[in-house]
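Q: pasting the sequence and the predicted coordinates here, then a few questions.
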Amino acid sequence: MKEILLKAGDIAPLFTLVNQNEKEVSLASLKGKNVLLSFHPLAWTSVCEIQMRTLELKKPVFDKLNTVALGISVDSVYCKKAWAEHMGLKQTDIVADFWPHGEAAKKYGVFIEEKGFSARANILIDSEGKIEFIKVYEILEIPDIEAIIKMIGK
């Protein structure tokens, strides 16, 4: 499991990435909302698909909790677009940390250099832009979204 240097209470590093609909998504523009950064290694893999479909399924719950969930991987925008269409994602942004390669994952300390992709991780940022929670998972582990929802609801 990857060890990261950021911790709860730290200011979340800012980023601007492009979603599957070729629109910019910036952390700064989401101030006032909680933000769940759901890093996943690569599109088109079964565990990553479950992770992203779960974000879409729980979108109404996230909305009630003033939370925006973002799926993030190093795949390109075009790959993200095809994958989102394949999964039927309509409401959840999955953003491309493609170029500079893995820059957002590096800022958050979850980029695995020797693999060229991010760890599987959930990072919760509060409405003021501070990191509230970080969990890095084993690569083949499906994150427990209910545990994350409980954490947001506290």
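A: Looks like it arrived, so ask away.

Q: tell me where the chain has helices.
A: 46-57, 59-64, 77-87, 103-107, 145-153 (DSSP state H).

Q: now distance to residue 27 and mean pLDDT too, for the ones you listed, in a markdown table please.
A: In this view, the C-beta of every residue, glycine as well, is placed from N, C-alpha and C. Formatted as a markdown table, the helices of the chain follow (distance: least, Cβ to Cβ, whole Å; pLDDT from 0 to 100):
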| stretch | distance to residue 27 | mean pLDDT |
| --- | --- | --- |
| helix 46-57 | 17 | 98 |
| helix 59-64 | 16 | 98 |
| helix 77-87 | 18 | 98 |
| helix 103-107 | 9 | 96 |
| helix 145-153 | 17 | 92 |
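
Q: among those, which is nearest residue 24?
A: Between residue 24 and these, the tightest spacing by Cβ to Cβ is seen for helix 77-87, at 10.7 Å.

Q: which parts of the closest one are buried?
A: 77, 79, 80, 81, 83, 84, 87 (16 or more other Cβ atoms under 10 Å).
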